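Peer 1: Okay, predicted coordinates and the sequence, questions at the end:
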Amino acid sequence: MAGASAGRTGSRRSGAAANDRPLLYRGSKDLAITSTGSAVAFAGGVAYRWRDLRVGPELFGRYQLEGTDTSPVEALLGARYARGPLEYGLALGTGLHRSPGAAPFRAVVQVSWRPGGLLARQVAAAE
């Protein structure tokens with residue numbers, strides 16, 4: 001598997017991010033009911049930030065370059081709340097069509113620790 005990384009953030013009130021591994025390189029494989037191969041993955045999202053709360057949609061999926069496997073696409077709507085060094089998040093979503101790998105319902109719950117969270121906020125406030 002090979003990949004590349006890219007990212008971008010927007011203004012202080014909103015943000016956007018790029019995909020973290022756009023090329024999924026793998027050999028062709030026959031799986032009896034389908035076959036798989038290399039694919040191009042994509043993802044994008046936007047967020048509106050108000051104080052310590054961020055809310056926004058995200059769209060992600062992949063396009064099959066070879067094989068008979070279909071290309072799943074999913075959408076999520078989520079929120080994250082930062083409080084000191086902790087960040088809490090919840091996102092709900094679904095697959096946009098019935099293809100293998102796209103969940104009919106997806107829930108993501110997050111609790112993360114950001115050791116530089118408070119310091120990063122103080123630096124941003126000073127700008």
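Peer 2: Everything's here; your move.
Peer 1: and after the helix or strand bottoming out on mean pLDDT in the chain, which helix or strand comes next?
Peer 2: Of all helical and strand segments in the chain, the minimum by mean pLDDT, DSSP states H and E falls on strand 14-17, at a mean of 43. Moving toward the C-terminus from strand 14-17, the next helix or strand (DSSP states H and E) is strand 23-24.
Peer 1: what packs against that next one?
Peer 2: Counting contacts by 3 or more Cβ pairs under 8 Å, 6 or more residues apart in numbering; DSSP states H and E, strand 23-24 is packed against strand 39-50. Where C-beta positions appear, they are placed from N, C-alpha and C, glycine not excepted.
Peer 1: In the strand it packs on, which residues are buried?
Peer 2: When burial is assessed from 16 or more other Cβ atoms under 10 Å, strand 39-50 yields the following buried residues: 39, 41, 43, 45, 47, 49.
Peer 1: Which of the helices or strands spans the residue in the chain sticking out farthest from the centre?
Peer 2: The centre of the chain is farthest from one residue, Ala32, which by Cα atoms, centre = their mean lies 30.2 Å away. Secondary structure from DSSP H and E places Ala32 outside every helix and strand.
Peer 1: From the buried residues of strand 39-50, pick the one nearest Ala91.
Peer 2: When the buried residues of strand 39-50 are compared for distance to Ala91 (Cβ to Cβ), Gly45 wins out at 10.0 Å.
Peer 1: Let's see the pLDDT reported for the closest one.
Peer 2: Gly45 carries a pLDDT value of 93.
Peer 1: looking at it, it is touching Pro57, isn't it?
Peer 2: Yes: at 6.3 Å, Gly45 and Pro57 qualify as touching, with contact defined as Cβ atoms under 8 Å.
Peer 1: Give me the common contacts of these two.
Peer 2: Counting by Cβ atoms under 8 Å, 6 or more residues apart in numbering, the common neighbours of Gly45 and Pro57 are Leu76.
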